[in-house]
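[1] whatever this is, show me its structure:
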Amino acid sequence: MPSKFRRLFTYLSFNIGSLLYLIRFRPKKVLYYETLSSWPVYAYHFFFRNAKIYIHYHEYSSPVQYQTGMKLEKYLHVLEKKLYPNVDWISHTNKFRLHKFKEDQNLTDFEGNQFEVMPNYPPQRWGKIEKGKKAAEGTTKLVYVGHTLSFDTMYCKELLDWVSNNSKKVKLDCYLHKKPEAIKSYLYRNKISNVNLYDAVMYNDLPKVLIKYDLGLIIYKAHIENFKYNAPNKLFEYLACGLDVWFPEVMTGSMEYVCEEAEPRVLALDFERLEQYSISYLFGRADLPRRETNHICEPVYEKLYQAMLGNKAHGS
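    Model prediction:
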């Protein structure tokens with residue numbers, strides 16, 4: 001089956017199957033994630049007006065993205081906007097995205113308390129895993145965890161060149177769901193031997209891998225607002241495992257987490273000019289005090305849980 005028809009079949013199966021499930025069980029409260037999941041809830045609410053609706057957006061989509069992106073998503077967003085006046089909860093992963101969303105949808109003056117920030121933090125147990133053995137003295141182990149790598153939307157070339165130029169000081173391992181041929185070819189052509197591409201690790205096994213490293217990387221170019229106003233989940237996952245973190249200074253959504261005076265450190269860097277930073281600045285954490293980050297998901301999800309039970313007032 002061609003990928004286009006396979007994708008269409010997947011969308012149809014999800015939407016029709018989810019609607020039939022809702023009609024069968026008649027839930028009084030429904031939570032959906034992202035615009036692409038909204039149609040079954042919209043259709044269900046059309047017939048069952050008393051059902052309470054809860055929405056969480058893991059990503060931020062600007063009006064331009066809705067207009068120029070997938071036609072299905074654009075159509076579904078038109079429908080889901082009709083739900084907004086009646087929902088009990090709308091959340092984004094940080095205050096920047098939530099503010100942009102409210103502006104986009106003309107909801108800044110809306111008289112309601114349904115707006116929430118629900119960050120994508122890791123479980124508390126991540127911070128309790130015994131730390132593994134770090135790299136040998138004189139070598140700093142860098143790690144990147146993600147779906148894939150891209151020269152267009154990430155600072156891959158800049159990072160790979162910097163790592164190559166500091167081959168005696170650093171080593172970079174990347175754990176990816178997709179390993180692009182362009183990246184493999186670049187490593188081969190430029191004889192970059194201190195960078196390894198590995199297969200992705202199951203989420204529950206990820207902390208056991210991360211604790212072996214010194215520093216976690218975030219390398220998005222912030223080419224769209226979704227990434228500009230992003231504090232990605234990997235930021236908190238790295239921190240929970242005791243790693244320092246580097247991210248591009250163009251990522252406004254992550255700036256509030258910058259910390260240079262205690263470890264694990266979080267540095268906002270100009271990835272187009274990594275060579276301007278001294279090694280002592282980038283890796284100088286030996287004499288710094290230790291801090292607790294406490295970015296864990298349990299209290300965050302408890303707030304949603306209590307809101308759905310009707311036991312606690314909420315609002316931003």
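[2] what about the closest residue to Asn165 other than its chain neighbours, distance to Ser13?
    Of all residues not flanking Asn165 in the chain, Glu275 sits nearest, at 7.3 Å (C-beta to C-beta, 6 or more residues apart in numbering). Where C-beta positions appear, they are placed from N, C-alpha and C, glycine not excepted. To Ser13, Glu275 is 51 Å away according to C-beta to C-beta, to the nearest Å.
[3] number of residues surrounding Pro232?
    By other C-beta atoms under 10 Å, 19 other residues sit near Pro232.
[4] distance of it relative to Lys74?
    25 Å.
[5] same question, Trp89
    Trp89 is 24 Å from Lys74, by C-beta to C-beta.
[6] which of the two has more residues huddled nearby?
    Neighbours of Trp89 and Lys74, each counted by other C-beta under 10 Å, are more numerous for Trp89; the result is 22 against 15.
[7] for Ala55, helix, strand, or coil?
    Check again: residue 55 is Ile, not Ala. Put simply, Ile55 is strand when judged by DSSP: H, G, I helix; E, B strand; the rest coil.
[8] hey, what's it bridged with?
    Applying DSSP bridges to Ile55 gives these bridge partners: Tyr32, Ile90.
[9] hang on, it packs against Val30?
    No - using C-beta atoms under 8 Å, Ile55 is not in contact with Val30, being 9.4 Å away.
[10] when those two are compared, which one has more neighbours?
    Legend: neighbour count by other C-beta under 10 Å for Ile55 and Val30, higher for Ile55 (24 against 19).
[11] pLDDT at that one, what is it?
    Ile55 carries a pLDDT score of 97 in this model.
[12] check contacts around it.
    Going by C-beta atoms under 8 Å, 6 or more residues apart in numbering, Ile55 touches Leu31, Tyr32, Tyr33, Ser38, Glu80, Leu83, Val87, Trp89, Ile90, Ser91.
[13] same question for Thr108.
    Counted by C-beta under 8 Å, 6+ apart, Thr108 has contacts Lys102.
[14] confidence score at it?
    Looking at Thr108, its pLDDT is 85.
[15] now do the SS call for it.
    Under three-state DSSP, Thr108 comes out as coil.
[16] now do Leu282
    Under three-state DSSP, Leu282 comes out as helix.
[17] my guess is it contacts Glu275, does it?
    No - at 10.8 Å, Leu282 does not count as touching Glu275 under the criterion of C-beta under 8 Å.
[18] so those two - more neighbours on which side?
    Neighbour totals were compared for Leu282 and Glu275, and Leu282 leads with 20 against 11 (other C-beta under 10 Å).
[19] quick check: the more buried one vs Lys169, distance?
    Leu282 is 9 Å from Lys169, by C-beta to C-beta.
[20] same check, this time on Ala268
    Between Ala268 and Lys169 the computed distance is 21 Å (C-beta to C-beta).
[21] so between the two, which is more surrounded?
    Taking neighbours as other C-beta under 10 Å, Ala268 and Lys169 compare with Ala268 leading, 19 against 14.
[22] which residues does that one form beta bridges with?
    Taking DSSP bridges, one finds Phe247 as the beta-bridge partners of Ala268.
[23] residue contacts, it?
    So Ala268 contacts Phe247, Pro248, Glu249, Met251, Ser254, Met255, Val258 (C-beta under 8 Å, 6+ apart).
[24] could you give the number of residues near the nearest residue to the fourth one once chain neighbours are set aside?
    The one in question is Met251. Leaving aside its chain neighbours, Met251 sits nearest to Ala222 (5.4 Å; criterion: C-beta to C-beta, 6+ apart). Number of residues near Ala222 (other C-beta under 10 Å) recorded here: 19.
[25] swap in Thr10?
    Per other C-beta under 10 Å, the neighbour tally for Thr10 reads 10.
[26] what does the one 4 residues further on give?
    Other residues within reach of Phe14, judged by other C-beta under 10 Å, total 14.
[27] what helix or strand is it located in?
    helix 3-25 (DSSP states H and E).
[28] that helix packs against which elements?
    Using 3 or more C-beta pairs under 8 Å, 6 or more residues apart in numbering; DSSP states H and E as the contact test, the elements touching helix 3-25 are helix 39-47.
[29] ok, Leu19 touching Tyr42?
    No - contact between Leu19 and Tyr42 fails when scored by C-beta under 8 Å: they sit 9.5 Å apart.
[30] against Ile218, how distant is the residue nearest to Asn165?
    19 Å.
[31] quick check: the farthest pair among the contacts of Ala268?
    Pro248 and Val258 (12.1 Å; C-beta to C-beta).
[32] look at the two and report which has more neighbours.
    Between Pro248 and Val258, counted using other C-beta under 10 Å, the more crowded position is Pro248 (22 against 13).
[33] got a list of what the closest residue to the more buried one other than its chain neighbours touches?
    In space, and not counting its chain neighbours, Pro248 is closest to Phe271: 4.9 Å by C-beta to C-beta, 6+ apart. Neighbour list for Phe271: Tyr155, Glu158, Leu159, Ile219, Pro248 [criterion: C-beta under 8 Å, 6+ apart].
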